[in-house]
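J.: Please find the sequence and the predicted model below.
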Amino acid sequence: MFPQKSHYFHAGRQDSRRQQNERRRHRHHLPSTVEHTVTPLQHLLTPTDTQTVDLSTFSTPTVTPTSTYIQTIASVCTQTVQPIFTPIVTPVTSLPTYTRRPADVVRFVCISDTHNRTDCLHYSIPDGDVLLHGGDFTIRGDPHNAHVFNQWLGRLPHKYKVVIAGNHEELFDKNFYPVPADPKKVLSNAIYLQDQYTSVYGIKIYGAPWTPRHYRSAFQLPRGEQCWKKWSLIPEDTDILLTHGPPWGQGDITKKSQHGGCEELLAIVQDKVKPKYHVFGHIHEGYGVTHDGTTFFINAALCNNRYLPVNRPIVFDMPLPRGYTKK
Ligand SMILES: [Zn+2]
Ligand SMILES: [Zn+2]
């Protein structure tokens with residue numbers, strides 16, 4: 001249920017967006033400025049993406065060369081769970097993508113915001129069991145570009161490719177096309193999610209394309225109750241949440257040093273769903289991984305602000321649930 005309006009809105013008042021944000025910050029005891037220490041991930045891939053790197057090169061006193069991403073970042077994250085709406089983030093480091101993939105883990109490869117640039121990546125997409133794409137695979141939702149993206153997906157080795165739309169995918173939004181394209185036909189090489197979930201290897205993934213309205217583009221909603229209603233659909237037993245946009249305070253700092261994320265999404269994620277991983281993109285400047293003590297937040301936007309694909313995919317491993325095999 002959406003919180004009492006008085007907690008979220010000041011109905012009837014025609015204040016500026018800035019004043020509304022100030023009040024929201026005050027209500028949730030948010031500081032007007034936030035110290036962010038998110039640093040770029042330490043990508044350890046060599047320029048040639050070689051698969052024959054000596055893993056012992058990367059061993060540390062606390063992390064063995066073949067340890068999973070979970071183990072790696074667990075050694076970094078020592079903070080306790082943060083209260084709701086506290087924008088404290090802990091930068092973490094991605095798993096080197098060439099590490100051996102044990103049979104008893106499921107490897108996820110996260111990408112987002114490829115914006116028609118899949119043909120000019122300066123690296124190959126790391127292999128894994130599941131590819132997650134957080135939307136914005138086109139620039140203007142052109143059906144031909146979506147077709148090319150689907151063909152590219154078909155050439156990747158991952159057994160499962162889970163994709164959601166972003167605000168650039170106008171071809172799927174009835175506000176832009178009277179007869180929108182059928183995503184399941186256009187993306188025939190993927191599992192397309194729109195307010196839906198799928199289970200792979202017993203791991204539940206929920207996907208949704210919505211972002212708070214910024215300008216006229218696809219799958220956008222006014223902040224507040226409409227966003228809250230969409231996020232309320234997320235099942236509480238979701239293991240991996242895939243949304244196009246970030247929650248407020250995690251991977252959402254824009255080039256104007258403002259938070260672009262969704263407050264309602266943060267509330268649902270931290271208070272109700274508490275997924276193990278939350279994967280998104282949309283705010284290209286927010287690329288990287290952070291942690292709040294419960295959830296790993298992964299902004300996997302490959303493109304930067306100039307729509308150049310300068311960032312690398314982000315990889316994590318999850319233990320294969322008991323009773324499941326990868327055969
Ligand atoms: Zn984008
Ligand atoms: Zn976007």
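T.: Noted; the coordinates are in hand. Numbers count the residues shown, from 1 in each chain. Ligands and ions are numbered 1, 2, ... in the order given.
J.: So, low pLDDT: which residues of the stretch 1-150 of the chain?
T.: Scanning the stretch 1-150 of the chain for pLDDT under 70 picks out 1-99.
J.: try it again with 90
T.: Scanning the stretch 1-150 of the chain for pLDDT under 90 picks out 1-103, 120, 122-124, 127.
J.: what does it put close to ligand 2?
T.: For the stretch 1-150 of the chain, the residues in contact with ligand 2 (C-beta under 5 Å from the ion) are residue 136. C-beta: built from backbone N, CA, C; applies to glycine.
J.: Show me what from the stretch 1-150 of the chain comes close to ligand 1.
T.: 113, 136.
J.: Could you check which residue of the stretch 1-150 of the chain lies nearest ligand 2?
T.: Residue nearest to ligand 2 within the stretch 1-150 of the chain: residue 136 (4.4 Å; C-beta to the ion).
J.: from what I can see that residue touches residue 282, true?
T.: Yes - between residue 136 and residue 282 there is a contact under C-beta atoms under 8 Å: 6.8 Å.
J.: Could you pull out the residues contacting both of those two?
T.: Common neighbours of residue 136 and residue 282 are listed as 112, 113, 166, 167, 244, 301 (criterion: C-beta atoms under 8 Å, 6 or more residues apart in numbering).
J.: and which of these is nearest residue 213?
T.: Ranked by distance to residue 213 (C-beta to C-beta), the shared contacts of residue 136 and residue 282 are led by residue 167 at 9.2 Å.
J.: now the closest one: how far from ligand 2?
T.: Applying C-beta to the ion, to the nearest Å, the value for residue 167 to ligand 2 is 4 Å.
J.: How much space separates that residue from residue 175?
T.: 11 Å (C-beta to C-beta, to the nearest Å).
J.: Counting neighbours, go ahead and name the busier of the two.
T.: Applying other C-beta atoms under 10 Å to residue 167 and residue 175 shows that residue 167 carries more neighbours, namely 24 against 12.
J.: quick revisit: around the residue lying closest to the residue of the stretch 1-150 of the chain closest to ligand 2 once chain neighbours are set aside, count how many other residues there are.
T.: In this structure, residue 136 finds its nearest non-sequential neighbour in residue 166, 3.4 Å apart by C-beta to C-beta, 6 or more residues apart in numbering. Look at residue 166: counted by other C-beta under 10 Å, it has 31 neighbours.
J.: Could you do residue 124 as well?
T.: Counted with other C-beta under 10 Å, residue 124 comes out at 14.
J.: Then the one 10 residues further on?
T.: If you count neighbours by other C-beta under 10 Å, residue 134 ends up with 31.
J.: Quick one: residues contacting the closest residue to it other than its chain neighbours.
T.: Spatial nearest neighbour of residue 134, excluding adjacent residues (C-beta to C-beta, 6+ apart): residue 112 at 3.2 Å. Contact analysis of residue 112 by C-beta under 8 Å, 6+ apart lists 133-136, 166, 244, 279-282, 299-302.
J.: one more time with 10 Å
T.: With contact taken as C-beta atoms under 10 Å, 6 or more residues apart in numbering, residue 112 is in contact with 132-137, 163-164, 166, 242-244, 279-282, 284, 287, 298-303, 311, 313-314.
J.: Kindly list the main-chain dihedrals of it?
T.: Main-chain dihedrals, residue 112, degrees, to the nearest 10: phi -160, psi 160.
J.: how close does it get to residue 309?
T.: 11 Å.
J.: doesn't the residue of the stretch 1-150 of the chain closest to ligand 2 fall inside a strand?
T.: No - using DSSP: H, G, I helix; E, B strand; the rest coil, the assignment for residue 136 is coil, not a strand.
J.: Quick check, it in contact with residue 281.
T.: Yes - contact between residue 136 and residue 281 holds when scored by C-beta atoms under 10 Å: they sit 6.2 Å apart.
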